[in-house]
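In: Just need the structure, nothing else, for what follows:
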Amino acid sequence: MPKSLTDRKQRERGGEKPSRYTSKADKFIGGELTIGDVCRNCNNGPLSELDSYFLQLYDRYIYKFASPEKRIDFTYDFDKLARWLLKVSYNSARATNAPDEVLLESYSKYILGEDVRPKGLNIFLTLVLPYKIKNSEKHDPRIQDVDEIEPDVLRWSRVPDERLAKEGVTFRMVQINSYFFIVIMPNQVTYEARKWYAELKGFRKKYPQFRQLRAKDGVSRTPLKSSGVDMVNNYEIFPSANLSRIFELID
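Out: Residues are numbered from 1 along each chain as shown. Predicted structure coming up:
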């Protein structure tokens, strides 16, 4: 997790240090795993430039939590955004010895800006709303004076799908505040365009709340409005399935 981003979140949280959810242990822990083998030239050069670009997006859009009535014209450079999302996903995979580490490694030249955009690379995005706490739920003393739970998250993870894994495909979720990105990456060696389009059609049907970002050169704009999904109710990708589960994890 880039320090520049965790520092932003720490300031927004009044100095509170971010905790990290680990699916393997199924709990939150203090601190964050780090990667110590990135060379200085890369870290201070193209990777630093990617971090700076994403912080511009963060300061312009992502630091605000979504509201159900507001439309956002999300303006982005697809390749810069994709390279940053792949960078943090690759570092996450290496830090946890994830099974898609090798596939992500094959994207490393693109991450560094040394190769063209990989075939079939796709980014989807949805806005997640704060959860409005019902009066009937306020019997829990921890939330008696709380009206809503904001999607105040910094999390990236692999979304396990055994069928896609057999096809040499992986997809990663990057969750930052209300902005939930999914990056879908096919194996470049076995990539077949017709078969891949069929896979994407199935993905869109399964996750209709996600908007596909335009994969083109230069700056694009995609209008976004929340589909009504919040961070508690019926959100199968988020690790907390309901209000009780959130407090169980935090405890």
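
In: Next, the contact list for the residue nearest the centre of the chain, please.
Out: In the chain, the centroid-proximal residue (Cα atoms, centre = their mean) is V174; its distance is 1.0 Å. Neighbouring residues of V174 by Cβ atoms under 8 Å, 6 or more residues apart in numbering: 85, 88-89, 155-156, 180-183. (Glycine included, C-beta is placed from N, CA and C.)

In: looking at these, which has the most residues close by?
Out: Within these, neighbour counts (other Cβ atoms under 10 Å) peak at S89, which reaches 27 neighbours.

In: can you pull the buried residues of the helix ranked longest in the chain?
Out: The longest helix of the chain (DSSP state H) is helix 78-96. By 16 or more other Cβ atoms under 10 Å, the buried positions in helix 78-96 come out as 78-94.

In: Quick one: mean pLDDT over that helix.
Out: The pLDDT scores in helix 78-96 average 92.

In: List phi and psi for the residue lying farthest from the centre of the chain.
Out: Each residue of the chain has a distance to the centre, and by Cα atoms, centre = their mean the biggest one is for H139: 32.5 Å. Here is the backbone geometry of H139 (degrees, to the nearest 10): phi -70, psi -20.

In: And E137, by the same measure?
Out: The phi/psi pair for E137 (degrees, to the nearest 10) is phi -90, psi -10.

In: Helices of the stretch 151-251 of the chain, residue ranges please.
Out: With helices called from DSSP state H, counting those that start in this stretch, the stretch 151-251 of the chain shows them at 162-166, 193-206, 243-250.

In: what's the least confident stretch among those?
Out: Set side by side, the helices of the stretch 151-251 of the chain give their lowest mean pLDDT on helix 243-250, at a mean of 56.

In: Could you tell me which ranges of the chain sit under the pLDDT cut-off?
Out: 16-45, 161-166, 233-251 (pLDDT under 70).

In: change it to 80
Out: Within the chain, the stretches with pLDDT under 80 are 1-2, 13-45, 136-144, 159-168, 199, 227, 231-251.

In: And the strand or helix carrying E49, what's buried?
Out: Using DSSP states H and E, E49 maps to helix 46-57. Buried residues in helix 46-57, counting neighbours by 16+ other Cβ under 10 Å, are found at 46-47, 50-51, 53-55, 57.

In: Nothing else from me, thank you.
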